[in-house]
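got a predicted structure plus its sequence, pasted below:
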Amino acid sequence: QVQLVESGGGLVQAGDSLRLSCAAAGSTFLNYAMGWFRQVPGKEREFVAAISRTGRTTDYADSVKGRFTISRDNAMNTLALQMNSLKPEDTAVYYCAADPDLLYGSNWSGAYDYWGQGTQVTVST
């Protein structure tokens, strides 16, 4: 099984950029499709972006399309989420997720077996 650790969260102002990273260990990273989700207190976990095992196929939530970019480096076992033009509504705890049964990733949180501990992103006005 794979262990996931997110980093890169913080407090930024609206319009700023932030880059999240997710380090994977314990298993062959290339065997997992990956995703980013986010959650605010009292709400369900929300899909942000997904990427296929090879990195050639990506998918985004409409709310982040054109502002966020998901990428992966299979040689370095890392997943990234570049977030530009951040808005206060992007404030949430961001989680990376992995699953060995997916080829292209999924926008459904239930499809993923492995999750990181999350990293807080706060965007002020």
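Happy to help now that I have it.

how near is the residue nearest to residue 10 when sequence neighbours are not counted to residue 6?
In space, residue 10 comes closest to residue 18 once its chain neighbours are excluded; the distance is 6.5 Å by CB to CB, 6 or more residues apart in numbering. The way it works is simple: take the backbone N, C-alpha and C, and place the C-beta from them, glycine included. Note on residue 18: its distance to residue 6, by CB to CB, to the nearest Å, is 12 Å.

do you know how far the spatially most central residue of the chain is from residue 28?
With distances taken as CA atoms, centre = their mean, residue 36 lies nearest the centre of the chain, 2.3 Å away. As for residue 36, its distance to residue 28 is 20 Å (criterion: CB to CB).

do residue 70 as well
Between residue 70 and residue 28 the computed distance is 20 Å (CB to CB).

higher neighbour count, the two?
Set side by side, residue 70 and residue 28 give different neighbour counts by other CB atoms under 10 Å, the larger being at residue 70 (23 against 12).

which residues does that one contact?
Contact criterion CB atoms under 8 Å, 6 or more residues apart in numbering gives 34, 36, 48-51, 58, 60, 79-82 as the residues in contact with residue 70.

repeat that for 6 Å
Contacts were defined as CB atoms under 6 Å, 6 or more residues apart in numbering; by that measure residue 70 touches 49, 51, 58, 81.

so where is the protein shaky, pLDDT-wise?
With pLDDT under 70 as the threshold, the chain has no low-confidence stretch at all.

residue 46 is in contact with residue 40, isn't it?
No - in this structure residue 46 lies outside contact range of residue 40 using CB atoms under 6 Å: 8.2 Å.

looking at these two, which has the bigger crowd around it?
Each of residue 46 and residue 40 has its neighbours counted (other CB under 10 Å); residue 46 has more, 16 against 13.

relative to residue 24, how far out is residue 7?
From residue 7 to residue 24 the distance is 12 Å (CB to CB).

more crowded one of these two?
Counting neighbours by other CB under 10 Å for residue 7 and for residue 24 shows that residue 24 has the greater number, 23 against 13.

list the contacts of stretch 79-89.
Counting by CB under 6 Å, 6+ apart, 12, 14, 16-22, 34, 36, 67-72, 96, 123, 125 sit against stretch 79-89.
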